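Visitor: Here is the input, now give the coordinates:
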Amino acid sequence: MDSAARWTARLEIIAPLTLFACGLWVFVFTPTETEQGFVQKIMYIHVPSVIVTYLAFFVTFAFGIAYLWKRLLVFDRIAKVSAEIGLIFCAMVLLSAQQAKESLNLIKSDRENASIPPTCSLSSICHSWVKTHGFSSISIRKKYDC
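Guide: From the prediction side, this is the model:
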């Protein structure tokens, strides 16, 4: 196994553990705000997740255009991985927003004014794109012999 494959294998283990540790740190060790209480802690996860989601979808868009223009497989690989990252963080955004709404009792009983947020639209577009290109980094390795 070459050094790039070893680093990739290490990062596949370290990255989720680090993300979990950050979430644990936010919810256990940060002080609770006096007016909003626990709901304010959700914003420590929600806002960075939104930023990463939109950044990942923009990278998917940019490298997808680059792939169509230059026809280099490296652009397609980067776009696909970025779409997967965007989907993971998009799920975090939607779950944390729902939790904050329920905690603040902002969910209305009448759903007349309900709308689909742009994040849901981006998520469904990128999800279908990822499904047409394979599903995981393992399929990329098999497809491109990485």
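Visitor: can you give me phi and psi for Thr32?
Guide: For Thr32, the backbone dihedrals are phi -90, psi 130 (criterion: degrees, to the nearest 10).
Visitor: Secondary structure class of Ala5, three-state.
Guide: Secondary structure, DSSP: H, G, I helix; E, B strand; the rest coil: Ala5 is helix.
Visitor: ok, it to Leu11 distance?
Guide: Distance of Ala5 to Leu11, given as CB to CB, to the nearest Å: 11 Å. Glycine gets a C-beta too; all of them are placed from N, C-alpha and C.
Visitor: again with Leu19
Guide: Taking CB to CB, one finds Leu19 at 12 Å from Leu11.
Visitor: Between those two, which has more neighbouring residues?
Guide: Taking other CB atoms under 10 Å, Leu19 and Leu11 do not tie; Leu19 has more neighbours (14 against 11).
Visitor: which SSE is that one in?
Guide: Per DSSP states H and E: Leu19 is located in helix 3-29.
Visitor: what angle separates the next helix-or-strand element following that helix from helix 3-29?
Guide: Later in the chain than helix 3-29, the nearest helix or strand by DSSP H and E is helix 39-70. Going by axes from the mean of the first three to the mean of the last three CA atoms, to 10 degrees, helix 39-70 is angled at 160 degrees with respect to helix 3-29.
Visitor: helices or strands next to the helix or strand following helix 39-70 in the packing?
Guide: Note on helix 39-70: by DSSP H and E, the next helix or strand toward the C-terminus is helix 73-103. When contacts are defined as 3 or more CB pairs under 8 Å, 6 or more residues apart in numbering; DSSP states H and E, helix 73-103 sits against helix 39-70, helix 118-132, helix 137-144.
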